[in-house]
Every structure is written in structure tokens, then in C-alpha cells.
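Colleague: here is the input, now give the coordinates:
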Amino acid sequence: MSSSPLFQSISLGSLTLPNRIAMAPMTRGRSKNPGIVPTEMQALYYGQRASAGLIISEGTWISKEAIGFINVPGIFSEAQVEGWRAITEIVHQKEGRIFLQLGHAGLLSHPHHLDGELPLGPSSINPLTKSYTAQGVQDTVTPREMSLEDIQRTLSDYRNAAQNAKDAGFDGIELHVQHPSILSQFLSNALNKRTDQYGGTMENKTRFLLEVLDTVMTVWHSKRISVRITPNLSYSQPGETPDDSENTYRFVAQQLNKYDLAFLHIVDRPEPGISPEAQKDRKLFENFRKIYKGTIMANGGFTLEKANQLLEDGYADIISFGTLYISNPDLVERFRTNANLNDADPATFFVGDDNGYIDYPSLSLNEHYA
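Modeller: Numbers count the residues shown, from 1 in each chain. Predicted structure coming up:
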């Protein structure tokens, strides 16, 4: 398998990946301490997976008011920067490469995360879902519509987080523009009812995302920045027509052509009620390849065979794997040798300690991660 497309190197500006197998960003809920600081256990977890062409970290809060779930790390305190530095050091010692994904939960947060304050959103619209807090699962609330001052402060938070990521030794950053992200919320017809320069038209709804991108580019070269989107993401409210998401994200991809990014990370997420055949017929990556002119990283629950086929067809340049990387820390070697794959335990995806996190075995008979 070493001659297959997945094992060809690729350059992202001055950064060269030895293979096209990326570890997708995955929330694992292991920063179980008051300061949501990355731990030694997390350093071991990422170090185990350093043979990936590129690791993208779990979504990481850019500020206190960005927090939206429990036990997810931040990148806004000195302690957090130090915790992440231990992780990047072990990844680099093992000749790996790692990007930090920057996240902000926006209106999908809850006052329990925010010292009683209301979460921020593009508009004062309750998303009518659940928030996972230290006090248990809570109904979401009606957020506070972001003022122009709030938007400017949030842009500053993104810049500070980008600088902290550089100080922590990361090789680049990724903007989280999926669910739950304040950036995707601004792109939503259902959640963004603004009448100012950040709402209404497609150009206005995209403005905040592009301003964030411009802001983090004051810290990082564009070739060390990626953007992750889910084109079929649709927020909806009772009695309203769901978002016309794919057309929105097509427009986003067109705008991103103006930036020389490391890559556009596109996720083909299964939708409720859609069959695998219908999902395949959407030809998502083929269609976005016609729009976006830069490097594309694809994510979609691929097998080894389907990943190689997508690369051979030219619809993507890099493939990211999520669940397979949970249970197979040495996924690159398993793919290379066509070895059997460990099964993942969904019960430990988001909660737990070292069980289901750092204890999956490697191929070596003499090595078991524990």
C-alpha cells in the first residue's frame, strides 16, 4: 500500500506532509480540571498519533465566553498555553505536525459555562437544543445578540488565541466553521436575522468569517491556516424553511479562493434519513473541487479504499480520519500494511479517563498504550 495516493507527500507552503493521512479534530472531553488545561494524558494521546501526515487538534476555546461544553480545553490562559506546548513538543519529537483548531460555541453555550452571563449569538434566537454543562444537560437559552463592540472583542479573542497557538509551538491553526460554531451561526438564515452589515445578504453573512480570517492572518501566514466547513449543515427553527446551506458554503468557498490557505477542510456529514447512495450521489467533493481552487482535505467516514479512490479521482488532496484514529493510534502503519483495525468504543468517545483514550493497542506485539 506504500505506493498508493495516501502515502504520497504533499507540501502546504513550507510545511511538507510525508503522507496524506490526517487526524481529524475530535472533541474527547479529557481536560477535566478547573482551568480546562490540556493534561499529560492528552500529550500521550496526541504523541501516539504523531505518524499522521497532520494532526488537527480537538476544537479549542478561544476565550472564556467561547466555552460551550465541559472538559474541552482552551487556548486563552498561560496555563493552557503551557499544557499545549507539552503536546506540540511530544508530537514534534516524534517528527509529527499539528494544527490547533480554534472554536467558539456562540449561542449554543449556556449561562452555566459563562458565570451566569448569556451566551452570544448573531441574533437573539434560542437554538432550542441542549447544552452539556457541569450541572448536567440543560436546555439552551435565548442568547444576547452581539453588538458591534462584541464582534470587535471576539475578533481580538481570535487574534490572541492565534498568537497563543504560535507561542505553544503549533505548526498552524484551523478555523472551526461547523456545529457548534459562532462562525457557522453567522452563516445561517435561521440563526442570523441581523439587518446590519453582518446579516441579510450572502456577502454580509460571510463578513464575520472573513474578518476572523483576516485577523488571524496578522499572526500566521495564510499557508498555515485552514478552514473546516460542513456544506450540508443546516440549522432550523420550528415552522421555518431550513437553511439553504450548500449554496451558502459554495459562496464561502468562492470567497476563500482569494486566500492562499493551507487547505479547505470539507466534511460530508450524513443527514438524517439520507441513504448512503443518496449521500454519494450528492458528489459533494466533486462539486466543491469545481469551486475551490486550493488544496482540499476531505472528511466523510472513509475506508482506506474509498480514501485512495477520492485522491485518485482528484476530488481531494488529503483525507482526514476521525473514528479510526480514536481506536488506531498507528493508523498510518495499519493502512500501510493493510492490517486489521481496532474497533472503537463509542461509550468513551466524549467521556472517560485513559480508558478508550490512550489504551488502544498498536501493531507492535511489545507495545500496548497505557
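
Colleague: quick check: mean pLDDT of the helix or strand where Asn160 lies?
Modeller: Using DSSP states H and E, Asn160 sits within helix 148-167. Average pLDDT, helix 148-167: 98.

Colleague: likewise stretch 85-98?
Modeller: 98.

Colleague: just the buried residues of it, please?
Modeller: Across stretch 85-98, burial judged by 16 or more other Cβ atoms under 10 Å covers Arg85, Ala86, Ile87, Thr88, Ile90, Val91, His92, Gly96, Arg97, Ile98. Quick note: C-beta positions are derived from backbone N, CA and C, even for glycine.

Colleague: where does the second one fall, secondary structure wise?
Modeller: This means Ala86. Per DSSP H and E: helix 78-93 holds Ala86.

Colleague: and that helix, what does it pack onto?
Modeller: helix 40-48, strand 54-61, strand 98-103, helix 148-167 (3 or more Cβ pairs under 8 Å, 6 or more residues apart in numbering; DSSP states H and E).

Colleague: let's see the distance spanning stretch 130-149 from one end to the other.
Modeller: 28 Å (Cα to Cα, to the nearest Å).

Colleague: picking that back up, farthest-separated two in the buried residues of stretch 85-98?
Modeller: Distance extremes for the buried residues of stretch 85-98: the farthest pair is Ala86 and Arg97 at 16.4 Å, using Cβ to Cβ.

Colleague: quick one: distance of stretch 49-69 to the chain centre.
Modeller: 7 Å (Cα atoms, centre = their mean, to the nearest Å).

Colleague: show me which residues of that stretch are buried.
Modeller: 49-63, 65-69.

Colleague: below-threshold pLDDT in the protein: ranges please.
Modeller: Counting by pLDDT under 70, the chain contains low-confidence residues at 1-2, 271-273, 279-280, 365-370.

Colleague: the same query, at a cut-off of 50, please.
Modeller: 365-370 (pLDDT under 50).

Colleague: sorry, back to before: make TSV from the buried residues of stretch 85-98 and add distance to Val141 to it.
Modeller: Formatted as TSV, those follow (distance: Cβ to Cβ, whole Å):
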residue	distance to Val141
Arg85	36
Ala86	36
Ile87	34
Thr88	36
Ile90	40
Val91	38
His92	42
Gly96	40
Arg97	40
Ile98	35
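
Colleague: so which of those is the closest to Tyr259?
Modeller: Nearest to Tyr259 among the buried residues of stretch 85-98, with distances taken as Cβ to Cβ, is Arg97, at 20.5 Å.

Colleague: that closest one and Ser51 touch, don't they?
Modeller: No - taking contacts as Cβ atoms under 8 Å, Arg97 lies outside contact range of Ser51: 10.6 Å.

Colleague: distance check, Tyr46 against Ser184.
Modeller: Counting by Cβ to Cβ, to the nearest Å, the gap from Tyr46 to Ser184 is 25 Å.

Colleague: am I right that His265 falls within a strand?
Modeller: Yes - with DSSP: H, G, I helix; E, B strand; the rest coil as the criterion, His265 is part of a strand.

Colleague: name the strands paired with the helix or strand following the helix holding Asn160 and say parallel or antiparallel.
Modeller: Toward the C-terminus, helix 148-167 is succeeded by strand 172-177 as the next helix or strand (DSSP H and E). Here strand 172-177 has these sheet partners by DSSP bridges: strand 98-103 (parallel), strand 225-229 (parallel).

Colleague: I'd like the next helix or strand past strand 172-177.
Modeller: helix 182-186.

Colleague: which residues sit against the next helix or strand after that next one?
Modeller: Downstream of helix 182-186, the first helix or strand assigned by DSSP H and E is helix 202-216. Outside helix 202-216, the residues within contact range by Cβ atoms under 8 Å, 6 or more residues apart in numbering are 102, 122, 151, 155-156, 158-159, 162, 173, 175, 177, 182-183, 186-189, 192, 194, 196-199, 225, 227, 248, 251-252, 255-256, 259.

Colleague: residue boundaries of the helices in the stretch 251-370 of the chain?
Modeller: Remark: helices assigned in the stretch 251-370 of the chain by DSSP state H, counting those that start in this stretch are 276-281, 284-291, 304-313, 323-327, 331-337.

Colleague: show me the one of those that comes nearest Gly136.
Modeller: From the helices of the stretch 251-370 of the chain, taking Cβ to Cβ, the stretch that ends up closest is helix 323-327, at 25.0 Å.

Colleague: got the CA coordinates for that closest one in PDB?
Modeller: Provided in PDB are the C-alpha atoms of helix 323-327 (Å, rounded to 0.1, in the frame of the first residue of the first chain):
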ATOM      1  CA  THR A 323     -13.200   7.500  14.500                       C
ATOM      2  CA  LEU A 324     -10.500   5.300  13.000                       C
ATOM      3  CA  TYR A 325      -7.900   7.500  14.800                       C
ATOM      4  CA  ILE A 326      -9.700   7.100  18.100                       C
ATOM      5  CA  SER A 327      -9.000   3.300  18.200                       C
END
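
Colleague: can you list the residues that contact it?
Modeller: 23-24, 26, 49, 52, 301, 331, 341-345, 349, 356, 360.

Colleague: name the nearest residue to Pro119, sequence neighbours excluded.
Modeller: Ser109 (3.7 Å; Cβ to Cβ, 6 or more residues apart in numbering).

Colleague: show me what contacts the nearest residue to Ile125 once chain neighbours are set aside?
Modeller: Once flanking residues are discounted, Ile125 sits nearest to Leu191: 5.4 Å by Cβ to Cβ, 6+ apart. By Cβ under 8 Å, 6+ apart, the contact list for Leu191 reads Leu107, Gly121, Pro122, Ser123, Ile125, Pro127, Gln185, Tyr235.
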